[in-house]
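Enquirer: Structure of the sequence below:
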Amino acid sequence: MAEQIRFGTDGWRGVIGDDFTFANVRRVATAVAEYLRAESEPQRGLVVGYDTRFLSAEFAACASEVLAQASIPVLLAERATPTPAVSYAVVTRQTAGALLITASHNPYRWNGIKFKAPYGGSASPAVTRRIESYLHGLDRARGRGRKLPRRGAASIARADLTTPYLERLKALVHLDRVRASGRRFVLDPMYGAGRGCIARLFDKAGIPYREIHSEHNPLFPGLNPEPIEPHVSDLRRAVCEGGYDAGLATDGDADRVGAIDRDGSFIDSHKIFAILLKHLAEDLGMRGEVVKSFSSTEMVTKQARKYGLPLHVARIGFKHISELMLTRDILIGGEESGGIGIKGHLPERDGILNSLLLAEVMADKACTLGELVRALSEEFGPHFYDRVDLEIEKASAQRIMRQVAQRKLRRVGGMKVTSVDDLDGVKMRFDDRAWLLVRASGTENILRLYAEAPSREQVKALLDEATAFARQHA
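Expert: Prediction:
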């Protein structure tokens, strides 16, 4: 019997050559085809995109052939393409969705499949559960020797999905103001699908920049394609040594963002979320609701209160934010991992758009990223954050989470636990600015520890003690 394939926080992922194989890609693509034929509009076709990982283009061609054999027309990206560009193609071409070959920010050994819905955002948990049910039903049918019915083949057309998307971004951001500011940038696509995208826009606008990690190298040498510490060390070095004003980084499929200030300070996703929320609400006078993931900063909570904007807290995974963006008037939605969605674009995170918006804020405010962060801290108080990822088997990670939920930790880092919230993982709260979240990864044998507090020392103390507890009980 074939191994069970399950969709995690954002699709299905596996180790290339181990569980992520051509046979398993065919299984998932067949299940997607069966779902579309039974519950959607297969005649609208699917967009198929892929990133820069090992064999991604070949896996995408394989999935396209399966879909076409199921009579579903396919629009296949002609090259590695950012996930938000694929999502934009879904909306503009009015397809039934998209299938993407990408493992996003995971290490080079991994690849994966994401499914995008007709609105251009992450498929809802209900949809991924339906795809899983078709997958498992097909596996059972094969186990009994049943063959799938043969259907007439549909077309596979190739297209440039990046250029129309970049044209759309030009209408959303004032690149002329960025050019007039004289700011200089280092761009880091982290060997991913975003390589050359911001560079193309900056070239046309006359904005000075340097791009690093822009060659095609599926080994992602020296880093994981995730724009957080420690993987931004090369970006920091390029900014500081070249005297640039900021560094802008996107992850492997370019839907997440990270940044470096001119002094080398890392600007984490929480601060980027807060900077962009302030820009939208104060500078642009935009209104709407705010949604943040369970692992995001309390600074956003305080901002929403100040601006009189309703706030929602969602489970981790942008698909939960995307659902709210479809049913509510969401101004901005963001998550700890660097994914942020903006009103008027897509119900989807977009690392390239958010990089451009950061450059726009710097131009409009005549401030560096560090100065923008200091202004936020002066107004809402200091909020420091960090995360530790521990390699722990899933069963052990679940056991540790149960122990935390049972209040086995009553004091952490010298602070008393005042409440515990189990919306997604187990979150211990200490006061209105300090918290510690323990959560098992949905795709890897990883236990994640997230912490926020008024000082770096408090964050370190929280994470050090939680790490010791986790290793002791693993």
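Enquirer: Walk me through the domains of this protein.
Expert: When the chain is parsed with automatic domain parsing, its domains come out as 12-161, 173-380, 384-473.
Enquirer: how about stretch 199-206: buried residues?
Expert: 199, 201-202 (16 or more other CB atoms under 10 Å). Yep, even glycine has a C-beta here, placed from its N, CA and C like the rest.
Enquirer: Tell me the one of the residues you listed nearest Asp283?
Expert: Comparing the buried residues of stretch 199-206 against Asp283 with CB to CB places Leu201 closest, at 20.9 Å.
Enquirer: any idea of the pLDDT on the closest one?
Expert: Model confidence at Leu201, given as pLDDT, is 98.
Enquirer: For it, I want the exact helix or strand it lies within.
Expert: helix 197-205 (DSSP states H and E).
Enquirer: Identify the residues contacting the helix or strand following that helix?
Expert: Per DSSP H and E, the first helix or strand lying C-terminal to helix 197-205 is strand 209-211. Here strand 209-211 makes contact (CB atoms under 8 Å, 6 or more residues apart in numbering) with 184-189, 195-196, 198-199, 202, 238, 242, 244.
Enquirer: ok, now with 7 Å
Expert: By CB atoms under 7 Å, 6 or more residues apart in numbering, the residues outside strand 209-211 that reach it are 184-187, 199, 202, 238, 242.
Enquirer: Quick check: which element contains the closest residue to His279 other than its chain neighbours?
Expert: Setting aside the residues directly before and after it, His279 is nearest to Val361 in space (CB to CB, 6 or more residues apart in numbering), at 4.8 Å. Using DSSP H and E, Val361 sits within helix 351-365.
Enquirer: Pull out the buried residues from stretch 108-126.
Expert: 108, 110-123.
Enquirer: And stretch 377-392, by the same measure?
Expert: Under the neighbour-count criterion of 16+ other CB under 10 Å, stretch 377-392 has 377, 380, 383-388, 390, 392 buried.
Enquirer: got the contact list for the residue nearest to His279?
Expert: So Val361 contacts 275, 279, 372 (CB under 7 Å, 6+ apart).
Enquirer: Show me the one in those that has more neighbours than the rest.
Expert: Ile275 (24 neighbours; other CB atoms under 10 Å).
Enquirer: how many neighbours does Asp18 have?
Expert: Using other CB under 10 Å, Asp18 has 10 other residues around it.
Enquirer: Now do stretch 44-55, average pLDDT.
Expert: pLDDT averaged over stretch 44-55 gives 98.
Enquirer: Stretch 174-183 now?
Expert: Stretch 174-183 comes out at a mean pLDDT of 97.
Enquirer: what about the stretch 101-250 of the chain, any weak spots by pLDDT?
Expert: Scanning the stretch 101-250 of the chain for pLDDT under 70 picks out the ranges 143, 145-150.
Enquirer: Next one: Val257 from Ala96, what distance?
Expert: 29 Å (CB to CB, to the nearest Å).
Enquirer: Neighbour count: those two, which is higher?
Expert: A count of neighbours by other CB under 10 Å puts Val257 above the other of Val257 and Ala96, at 31 against 21.
Enquirer: Can you add pLDDT and give the contacts of Val361 back as CSV?
Expert: What follows is those, written out as CSV (pLDDT from 0 to 100):
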residue, pLDDT
Ile275, 98
His279, 96
Leu372, 98
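Enquirer: What is the nearest of these to Ser419?
Expert: Closest to Ser419, out of all of the contacts of Val361 and judged by CB to CB, is Ile275, at 28.8 Å.
Enquirer: Would you agree the closest one falls within a strand?
Expert: No: using DSSP: H, G, I helix; E, B strand; the rest coil, the assignment for Ile275 is helix, not a strand.
Enquirer: what about the closest residue to it other than its chain neighbours, distance to Tyr385?
Expert: Closest residue to Ile275 apart from its sequence neighbours, by CB to CB, 6+ apart: Leu372 at 5.2 Å. Separation of Leu372 from Tyr385 (CB to CB) stands at 16 Å.
Enquirer: Buried residues in the helix or strand encompassing Ser64, which are they?
Expert: Using DSSP H and E, Ser64 falls within helix 56-69. Applying a neighbour-count criterion of 16+ other CB under 10 Å, one finds 56-57, 59-69 buried in helix 56-69.
Enquirer: just checking, what packs against the helix or strand where Arg236 lies?
Expert: In the assignment (DSSP H and E), Arg236 maps to helix 233-242. Under the contact definition 3 or more CB pairs under 7 Å, 6 or more residues apart in numbering; DSSP states H and E, helix 233-242 sits against strand 185-188, strand 246-250, strand 257-261.
Enquirer: To Glu336, which of those lies closest?
Expert: That would be strand 257-261 among the helices and strands packed on helix 233-242, by CB to CB, at 11.7 Å.
Enquirer: Mind listing the strands the closest one pairs with, and their directions?
Expert: If you go by DSSP bridges, strand 257-261 pairs up with strand 246-250 (antiparallel), strand 266-267 (antiparallel).
Enquirer: that older thread, can you redo the contacts of strand 209-211 as TSV with distance to Asp253?
Expert: Shown next, in TSV, are the contacts of strand 209-211 (distance: CB to CB, whole Å):
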residue	distance to Asp253
Arg184	26
Phe185	21
Val186	20
Leu187	16
Ala199	17
Phe202	21
Ala238	22
Gly242	27
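Enquirer: From the residues you listed, list the buried ones, please.
Expert: Using 16+ other CB under 10 Å, the buried ones in the contacts of strand 209-211 are 184-187, 199, 202, 238.
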